[in-house]
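> fold the following.
(chains A and B)
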Amino acid sequence: MPQPASVAIEEGVIDVLKNVSRRPIDPTLSSDLVADLGFDSLQVLEVIAELEDRFDISIPLNDVPTTRTVAQVVAQVAGLVAERSNA
Amino acid sequence: MPRSRTLPEALADAARGDAGYCFESAGVARWRSYADLRRTSLGVARALVESGLRRGDLVALVLQDGEQFLTALFGASIAGVIPASLYPPATAADLPRYIELTAAILNASEARAVVTSRALAPSFEETRAMCPRLARVLCREDLEGPPDEPSTSPSIDDIAFVQFTSGSTSTPKGVALTHANVAANIAAFAGPHGVGSCGDDVAVSWLPLNHDMGLVGMALGALYEQRRCVLLPPQAFVKRPAEWLRALTRHRGTISFAPNFAYDLCVRRVKDLSGLDLSPWRVAGCGAEPIHPATLAAFAEKFAPVGFRDSSFLPSYGLAEHVLAATFPPLGRHPRVERVAADDLAERRIAVDAAVDPDAPAAALVSCGSPLPGHHIRVVDEHGRPLAERHVGEILLAGPSVMLGYYKQDALTAAAIRDGWLRTGDLGYLSDGELFVCGRAKDLIIVHGRKYHPQDLEWAVDDVAGVRRGRVVAFGVVEAGRADRVVIVVEPSGTVAGDPLTEAIRRRIGDLFGIYVDDVAIVPRGTVGRTTSGKVQRAATKDRYVRGEFTAESVKA
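Have a look, this model is predicted:
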């Protein structure tokens, strides 16, 4: 069941991706960060830093290699945001 | 001239003082004195010998952690074993392919052992079948022993370490440097004609330690000079470039080197300058990739309010085959920039002052200075004849820093070093004795200061489903003022449609090397030619691409 909070997270993630990309992109949930959106490893780390600032979370770098799609990023951020508010 | 020392001797000397490395990670700073690091390294040396390694054996180090890597390097050196640094995987997403790539390097270098992390060790165990010479896969965590003084020590002409840049599968190029090479380069670049190292200096670095600038320029430079050095993980900088500047502020750092892209990242991404103080930073070295005067100017302008001085920049030229540094400008000078006519540079290969024709396109180039003391430079034409000033040719270097050779690659070594002169593969010209670098004769691709061999990218893409095997060409298109554009040209096998194929290729390169492929050109069968020896015609394919022959329209036609 979609929650308003997850919609906000999805919009926030997509906004960050657009800001970090150096070319015009139109990310959807199924977009692959590397293959579709053209992020190199440097920019993926930039995305992480921006997400951490925006959502006030800490994303462990160990999880990054397995993250491929926008949907996975949204899920990861949502999980960390929930963890933070439960803490 | 200080006495030339081996790495274990330099470590033993440094261990008598109280300087050391500070390993900083996630806001936690941990100082370890050289004496302390030496004790750990002696234990590693003992454990390596007990695992059966003998003097002259090669041990490959695949370690991400800075402290683990450095103490393994020192330990191997103390044990008389040859340490070789290999890049750890960019991501864990395509480990099997990474391991396969690395196995080719292990085989060609006849490595007797791998030292790696517990996480990667099982994957290397699986390569044993492919690598008959590989006797041991060792976890760095297990290499501990009593800090006994070694019974033997390497001689000054033994190999200090081997550095594999990007591992090429057909002929992996490991740069073998002797202790004499390393000592000579450090003495030259740390001395009064280099950075003028002094007792109060604090080096700060986030550079990878399997890269010449990070290892020799920062970590070993500080060790040999018995200075302090703060080491940050590369990822910490890339994630938050401000971390570099904050570390410089916190430690009152005086010396720090980085490729051009790092200064650019700071200009674009550091927003909050409050609390920064860069006034102690007297040597801001820049090298390892083309230097853009506009980047240096933008950085100086942005950070002037927090004490950064334009005259701290030290744009320099060097390469791993020459240990590290080759040329430096004088300390404390503003970067010397020449504006030259772009057309003359490209076509006539002459650097003509752009002021002659103000309307023509111009290229701005920054001086990398003159050779370090005891080192020599030449710019030559394609027949090896020295050129006059302002004529563009290949840069050759001679002197005590020229590598011993490519490890176990005699033919490659003979092609690279002739009569003591190292062919760098870089193009440049001399002006008033100072070097201006303006291109590459070799077909290396440089992204974010790291060099990639096109063969490696081609190999990585070769077995992607939908690619016609052996019909892949990779190259970089150099663009003034920007990073190289990475281009891959493939012939399709016909089993996978264009867009998914492009995606799969980008993913493979992203997973293995962490870089983005700017363009994938899918071309009709028969387009990618081969030489009589069976190699792909890279230069010819690149020329056709640059001329626009492989645009989507012309390919469909």
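> run a quick neighbour tally on the residue of the stretch 301-450 of chain B at minimum distance from chain A.
Using Cβ to the nearest Cβ, B:His448 is the residue of the stretch 301-450 of chain B that sits closest to chain A, at 6.3 Å. To be clear about C-beta, it is placed using only N, CA and C from the backbone, and glycine gets the same treatment. Per other Cβ atoms under 10 Å in any protein chain shown, the neighbour tally for B:His448 reads 20.
> for it, grab phi and psi.
Dihedral angles of B:His448 (phi, psi; degrees, to the nearest 10) stand at phi 50, psi 40.
> run through the residues that contact it.
A:Leu42, B:Pro259, B:Phe261, B:Glu289, B:Ala483, B:Ile515 (Cβ atoms under 8 Å, 6 or more residues apart in numbering or on different chains).
> name the SS class of the nearest residue to B:Phe308 once chain neighbours are set aside, please.
Once flanking residues are discounted, B:Phe308 sits nearest to B:Leu278: 4.2 Å by Cβ to Cβ, 6 or more residues apart in numbering or on different chains. With DSSP: H, G, I helix; E, B strand; the rest coil as the basis, B:Leu278 sits in coil.
> rewinding a little: quick one: the contacts of B:His448 as JSON lines, columns for pLDDT and neighbour count too.
Below are the contacts of B:His448 laid out as JSON lines (pLDDT from 0 to 100; neighbours: other Cβ atoms under 10 Å in any protein chain shown):
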{"residue": "A:Leu42", "pLDDT": "83", "neighbour count": "20"}
{"residue": "B:Pro259", "pLDDT": "94", "neighbour count": "24"}
{"residue": "B:Phe261", "pLDDT": "92", "neighbour count": "21"}
{"residue": "B:Glu289", "pLDDT": "86", "neighbour count": "19"}
{"residue": "B:Ala483", "pLDDT": "73", "neighbour count": "25"}
{"residue": "B:Ile515", "pLDDT": "87", "neighbour count": "23"}
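> just checking, which of those belong to helices?
A:Leu42, B:Phe261 (DSSP state H).
> spell out which parts of chain B neighbour chain A.
B:90-93, B:235, B:238-240, B:261, B:265, B:269, B:447-448, B:502-504, B:506-507, B:510-511, B:514-516 (Cβ under 8 Å from any Cβ of the partner chain).
> would the host helix or strand of A:Ala82 count as contacting chain B?
Here A:Ala82 sits within helix A:70-86, counting by DSSP states H and E. No. Helix A:70-86 stays clear of chain B (Cβ under 8 Å from any Cβ), getting no nearer than 12.1 Å.
> averaged pLDDT, that helix. What do you get?
For helix A:70-86, mean pLDDT rounds to 90.
> same check on stretch B:323-332?
On average, stretch B:323-332 scores 97.
> so which bits of it are buried?
Within stretch B:323-332, the residues scored as buried using 16 or more other Cβ atoms under 10 Å in any protein chain shown are B:Val323, B:Leu324, B:Ala325, B:Ala326, B:Thr327, B:Phe328, B:Pro329, B:Leu331.
> run the chain-centre distance for that stretch.
Centroid separation for stretch B:323-332 versus its chain: 16 Å, with Cα atoms, centre = their mean, to the nearest Å.
> repeat for stretch B:393-403
On Cα atoms, centre = their mean, the centre of stretch B:393-403 falls 17 Å from the chain's centre.
> low-confidence ranges, the stretch 401-550 of chain B, go.
B:480-481, B:532-533 (pLDDT under 70).
> over to chain A?
A:1-4, A:62-66, A:87.
> go again with 80.
Filtered on pLDDT under 80, chain A yields the residue ranges A:1-6, A:22, A:35, A:41, A:60-67, A:87.
> the stretch 351-500 of chain B: helices as residue ranges?
B:410-416, B:454-462, B:498-513 (DSSP state H, counting those that start in this stretch).
> adding mean neighbour count and distance to B:Glu110, write the ones you listed out as a markdown table.
Conversion of those to a markdown table gives the following (neighbours: other Cβ atoms under 10 Å in any protein chain shown; distance: least, Cβ to Cβ, whole Å):
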| stretch | mean neighbour count | distance to B:Glu110 |
| --- | --- | --- |
| helix B:410-416 | 13 | 14 |
| helix B:454-462 | 22 | 20 |
| helix B:498-513 | 21 | 24 |
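> CSV for those helices, including distance to B:Val204?
Output for the helices of the stretch 351-500 of chain B, formatted as CSV (distance: least, Cβ to Cβ, whole Å):
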stretch, distance to B:Val204
helix B:410-416, 33
helix B:454-462, 31
helix B:498-513, 27
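> can you pull the contacts of residue 51?
In the absence of a named chain, this looks at chain A. Here A:Leu51 is in contact with A:Gly12, A:Val13, A:Val16, A:Ile57, A:Ile59, A:Val73, A:Val77 (Cβ under 8 Å, 6+ apart).
> hmm, I had chain B in mind actually
B:Ala113, B:Arg136, B:Leu138.
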